[in-house]
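**Student:** Build me a model from this:
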Amino acid sequence: MPPARPVEVEAWAPGRVVLIGDHTDHAGGVSLTMAVDLGTTVRGARRGDRVRVRSDQLAGHVDVALGTRAEEVDGPPWGRFVAAVAEQLQAAVGFEGVVSSTVPVGAGLSSSAALELALMLALGFRGTPLELARAGQRAEHRAVGVPCGLLDQLTSACGVEGHALLLDLSDDSVAPVPLPDDVDVVVVHSGQERSLDTSGYAERRRQCEAAAGLVGPLPSASLDSLDAIDDPVLRRRARHVVTECARVRAAADALPRGDLPMVGQLMLESHASLRDDFEVSTPALDSTVSRLMDLPGVLGARLTGAGFGGCVVALCERGALPDPGALTGRGWRVRPSRGAWVRESGTT
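**Tutor:** Predicted structure coming up:
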């Protein structure tokens, strides 16, 4: 009998943008997100007992034996994600291939989640989109040690063309929300790179957990109940989560009705809360929001992602920004995309 052919694989996972609802997921709240048509593709074949992948966009190549722990990886930093994914899958067969990506790194569009999920599928993951998202989240925790919520991976796994997603992280449920045809979603880079493992992300999460220990789960807390929190910093962190969850639900109701001015106003209020109560904005992000709001046809803008740099998302009238990159040098018009997928051929 001739030897079995390796399984040839093409796997893809999208990046994501948070339209409204940042820093609510790790508190079990709600968020309105969108998988975007910028993504990461992994092509190659399952074979051998090593994972060998190279990438021009991510710089360098990774060559690790199955069973290698993330912290043992030498080479480019993204190699830790490769090892963490293989470790989570307990992969029995290796992989050789190429990683390519159109998701900008360090922009807050979840390039890491797109990489994790595409690698998971390429290495043979079998399961539901929710299971894929949770496995990707565990891999990220192992790769960089940041206690991220499930928002990024769940959006990438569950994207629906033509729709935003209302995520409820109390039960990890996903509800598609139609995006009107006469609107553009534009992402503009602030010019400030950011990395979560060197930011205040973990500290903000601990502060939310401390606040919840005093008043109960923040997404269901009332504003009046926050008076019981004596520490003014914890009270501000909690206030952001409580008010942001309310803004998310209001935006998810207004968007399919076509009430775009309302969604734009909620986005501006969200940015102010992230700036003042959660303190994750920066002068570069604030300036980018202001400059966008000065342009005709821009309905609302806010930082997107965890903050500390990265990108601003804007809701615009169709065609209002013909060149999204003109403002700061880097920008993209993004459309809602389907979630992660894989194609396979051959047999093991």
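**Student:** which non-adjacent residue is nearest Leu268?
**Tutor:** Gly300 (5.4 Å; CB to CB, 6 or more residues apart in numbering). Any C-beta I mention is one placed from the backbone N, CA and C, and that applies to glycine too.
**Student:** Arg205 touches Thr24, doesn't it?
**Tutor:** No. Assessed by CB atoms under 8 Å, Arg205 is found out of contact with Thr24, at 11.4 Å.
**Student:** domains of the protein?
**Tutor:** Per automatic domain parsing, the structural domains of the chain span 7-21+31-170+337-342, 178-334.
**Student:** Any chance of these in a markdown table with mean neighbour count and mean pLDDT as columns?
**Tutor:** Listed next are the domains of the chain as a markdown table, based on neighbours: other CB atoms under 10 Å; pLDDT from 0 to 100:
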| stretch | mean neighbour count | mean pLDDT |
| --- | --- | --- |
| domain 7-21+31-170+337-342 | 22 | 93 |
| domain 178-334 | 19 | 95 |
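**Student:** and the most centrally placed residue in the chain, what helix or strand is that in?
**Tutor:** The centre of the chain sits closest to Asp152, judged by CA atoms, centre = their mean, with a distance of 3.2 Å. If you go by DSSP states H and E, Asp152 is part of helix 151-158.
**Student:** Glu8 now?
**Tutor:** Glu8 belongs to strand 7-20, assigned by DSSP H and E.
**Student:** could you dump that strand to PDB, C-alpha only?
**Tutor:** C-alpha atoms of strand 7-20 as PDB (Å, rounded to 0.1, in the frame of the first residue of the first chain):
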ATOM      1  CA  VAL A   7      -3.400  16.600   4.300                       C
ATOM      2  CA  GLU A   8      -3.200  19.900   2.200                       C
ATOM      3  CA  VAL A   9      -4.700  22.800   4.100                       C
ATOM      4  CA  GLU A  10      -5.900  26.300   3.600                       C
ATOM      5  CA  ALA A  11      -7.200  28.000   6.800                       C
ATOM      6  CA  TRP A  12      -8.400  31.600   7.300                       C
ATOM      7  CA  ALA A  13      -9.500  33.700  10.200                       C
ATOM      8  CA  PRO A  14     -10.600  37.300  10.200                       C
ATOM      9  CA  GLY A  15      -9.500  40.200  12.400                       C
ATOM     10  CA  ARG A  16     -12.100  42.200  14.200                       C
ATOM     11  CA  VAL A  17     -13.200  45.700  15.100                       C
ATOM     12  CA  VAL A  18     -15.100  46.600  18.200                       C
ATOM     13  CA  LEU A  19     -17.900  49.000  17.200                       C
ATOM     14  CA  ILE A  20     -18.800  49.700  20.800                       C
END
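**Student:** Given that strand, what are its sheet partners and their directions?
**Tutor:** Strand pairing for strand 7-20, using DSSP bridges, gives strand 30-46 (antiparallel), strand 341-345 (antiparallel).
**Student:** What ranges does the stretch 201-348 of the chain have for its strands?
**Tutor:** 298-304, 311-317, 331-334, 341-345 (DSSP state E, counting those that start in this stretch).
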